[in-house]
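Chemist: Show me the folded form of this:
(one chain, ligands or ions: 1)
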Amino acid sequence: MKPASHHLATCTGCRARICWALTTANGRRQPIDAEPTADGNLAVMQGPDGLLYVRSLTKDHPAPRAGEWQAMPHHATCSSPPPRRSSRTAQRSTTGARPASWRTA
Ligand SMILES: [Zn+2]
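Modeler: The predicted model follows:
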């Protein structure tokens, strides 16, 4: 399996061919090398919605399943990573109490 051509993108740092995939763990976008490699520690698959999904291969499950292929995360191979953006929003807390003031009726 290989990524479909419409998934192909170009790294803005090193101009390599990459794909954007969503991590199955938390739905974050992650750049992966477009070219599958047997050394990759990621398993990539195209979901029924047409998006690419990526999960980490673990020691317990080192082999990709049917329909998946192995790839490297691009940040592991990028020769010219873009500068880190410092404006990244801090982790949102979805369970914390709202900072609204206490009201007494
Ligand atoms: Zn790159």
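Chemist: Now do the helices in the protein.
Modeler: 74-77 (DSSP state H).
Chemist: What's opposite the residue most central in space within it in the beta bridge?
Modeler: Taking C-alpha atoms, centre = their mean, the centroid of the chain lies closest to Q30, which sits 2.4 Å from it. Following DSSP bridges, Q30 is listed with bridge partners A21.
Chemist: can you list the residues of this protein near the ion?
Modeler: Within the chain, the positions near the ion by C-beta under 5 Å from the ion are 11, 13-14, 16, 78. From N, CA and C alone the C-beta is placed, and that goes for glycine too.
Chemist: correct me, but the residue nearest to the centre of the chain touches I18?
Modeler: No - at 9.8 Å, Q30 and I18 do not qualify as touching, with contact defined as C-beta atoms under 8 Å.
Chemist: low-confidence ranges in the protein?
Modeler: Residue ranges of the chain with pLDDT under 70: 82, 85-105.
Chemist: Which residue is the nearest non-sequential neighbour of D39?
Modeler: Closest residue to D39 apart from its sequence neighbours, by C-beta to C-beta, 6 or more residues apart in numbering: M72 at 6.9 Å.
Chemist: ok, now G40?
Modeler: In space, G40 is closest to Q70, 3.8 Å off (C-beta to C-beta, 6+ apart).
Chemist: looking at the sheet around that neighbour, what are its partners?
Modeler: Assigned bridge partners for Q70, using DSSP bridges, are A43.
Chemist: No further queries at this time; thank you.
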